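*Asks:* need a structure here:
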Amino acid sequence: MLNLLTDNRTLSSGSFWHLFCLSSLYFAQGLPVGFLFLALNTYFASKGASISELAIFNSFLLIPWTIKIFLAPFVDAFTIQKFGRRRFWILSSQLGMVCALSPLTIVGSELSIYAIGIIGMFVNFCIAFQDLSTDALAADSLEEITLSKANGLMWGSQIAGKGIGMLLGTTLYFSFGIPFGIGILITLIMLIFLVPLLSRELDFKVGHEPVLNQKNILAPKVLFKEVARVFTDTRAWWAILFLIFINLGSGVYEVIYNKFFLEELNWTGEMIGSLRPWGLLSGGLMGLTAGFLGTYYQRHLLLFLFIFVQILIYFFLGMFTDGISNFFAYVIIFGIDMAGAAISVCMFAILMTLCFSQTSATNFGIFMGLANISTLIGNNLAPSLMEIFNYSGSFVFCSLSLIPAALLAFKLVRRNSVETT
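*Replies:* Next up, the predicted model:
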């Protein structure tokens, strides 16, 4: 039994508390995504929102994630060491989420989809800062041998947060309204806030104990020098190209799948809200599995395998859109979420091995910002694809857009490497 008074709560060495803290922070990122992104998408789609309205709503929510590259230097350059270099930003971000969400507990039911999207955008700015600081904390405090296992736990926790958030969100929105649902979300965020609050962060990057960082501000010259170090590795440039393609399909899918099930299968919003969370939770388990597999097998091969699976699922969905059965729809939902979670775990573990400098937040922010730009492009392509090709052609596009990413996965490994990294 964990004793908060006597047990070691230092974020190092892959200890139980270390991994628990990182996982809880990723769970705290997933919850608002489930409540705001997934549940509200389903809620608004069932209330008659168009594909264009949903695309704009999703774009509002994604804007903070696409400009992470500009947010990340703040996480690397500024802090208050009293709270921990990364932990300061984590604690501040969680409090910021609560402040940004609070208006929805009062006027949430009276606002338009666009107004709620704008508020969600501010919430996501806070989540983006927490994500950057948590990723940097993981890159700083984890040894390379534990990266796959930790990424599996972290990403699995985030997916679980999304699933639980969507399940709770859709249930509460349809039954009690948006303000009540957001009130429950705020309560959960504040409970999770206690975990980083009770933790202790190291004042050096693991493996570089002699290089202490006792200052609250990292000099701009050092910041730029450290960022540039990562791009001396050619894999970083291949990663940039890979990230441009990896989320195009999922960006299109997230905009249109609700309307597809509502219009083509005559499902209700409540049905989608009760089924997809189980797909997300299964994805969390698959992400955890992929993380442990990455300890024993080469991650780029696992990455290629899971991308290939998602290519097949999107392709068959596009080919057999007409007359699709409920059973096949269940398989699609579970398959896409499970493969997507595994892709993210493998991708994150590979990219974190490139973030070896003091500017882990900025370097990882560059990579994740590009991944989210890919999603944003997919979101904005969805209305045009639907207008030209309808559902079938849109899903085939999701499949074809992943082919370059699958091929580029082999460029993300060290040449002639036999290691798992």
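*Asks:* OK, contacts around the residue lying closest to I336 once chain neighbours are set aside?
*Replies:* Spatial nearest neighbour of I336, chain neighbours left out: I313 (5.6 Å); criterion: C-beta to C-beta, 6 or more residues apart in numbering. Where C-beta positions appear, they are placed from N, C-alpha and C, glycine not excepted. With contact set as C-beta atoms under 8 Å, 6 or more residues apart in numbering, I313 has these partners: 332, 335-336, 339, 399.
*Asks:* pLDDT score for I366?
*Replies:* The per-residue pLDDT reported for I366 equals 84.
*Asks:* and it, how many neighbours does it have?
*Replies:* Residues contacting I366 under the criterion other C-beta atoms under 10 Å number 23.
*Asks:* where does this protein dip in pLDDT?
*Replies:* Along the chain, the parts satisfying pLDDT under 70 run over 1-7, 144-145, 147-148, 202-218, 295-297, 356-358, 414-421.
*Asks:* the residue nearest to I336: what secondary structure?
*Replies:* With DSSP: H, G, I helix; E, B strand; the rest coil as the basis, I313 sits in helix.
*Asks:* so what's F44 up against?
*Replies:* 53-54, 57, 113.
*Asks:* show only the entries of those found in helices.
*Replies:* 53-54, 57, 113 (DSSP state H).
*Asks:* you'd agree I336 is up against Y314?
*Replies:* Yes: with contacts counted by C-beta atoms under 8 Å, I336 reaches Y314, the gap being 7.5 Å.
*Asks:* what is the burial count for P404?
*Replies:* As a burial measure, P404 scores 15 neighbours (other C-beta under 10 Å).
*Asks:* would you agree it is in contact with F245?
*Replies:* Yes: assessed by C-beta under 8 Å, P404 is found in contact with F245 at 4.5 Å.
*Asks:* longest helix of this protein?
*Replies:* helix 360-400.
*Asks:* and the next element down the chain from that one?
*Replies:* helix 403-408 (DSSP states H and E).
*Asks:* list the buried ones in that following helix?
*Replies:* Residues of helix 403-408 classed as buried: 405-406, 408 (neighbour count, 16 or more other C-beta atoms under 10 Å).
*Asks:* now do the helices in the stretch 1-150 of the chain.
*Replies:* In the stretch 1-150 of the chain, the helices defined using DSSP state H, counting those that start in this stretch lie at 16-32, 40-46, 51-66, 68-77, 87-101, 104-107, 113-141, 147-176.
*Asks:* now for the longest one, which elements pack on it?
*Replies:* I take that to be helix 147-176. Helix 147-176 sits against helix 16-32, helix 40-46, helix 113-141, helix 178-197, helix 269-293, helix 326-352, with contacts defined as 3 or more C-beta pairs under 8 Å, 6 or more residues apart in numbering; DSSP states H and E.
*Asks:* just the angle between the longest one and helix 326-352, please?
*Replies:* Interaxial angle of helix 113-141 relative to helix 326-352 (axes from the mean of the first three to the mean of the last three C-alpha atoms, to 10 degrees): 50 degrees.
*Asks:* give me the helices and strands touching helix 113-141, please.
*Replies:* Using 3+ C-beta pairs under 8 Å, 6+ apart: helix 113-141 touches helix 16-32, helix 40-46, helix 51-66, helix 68-77, helix 87-101, helix 147-176, helix 326-352, helix 360-400.
*Asks:* is it true that F27 touches K162?
*Replies:* No: the pair F27 / K162 is not scored as a contact, 9.3 Å apart, by C-beta under 8 Å.
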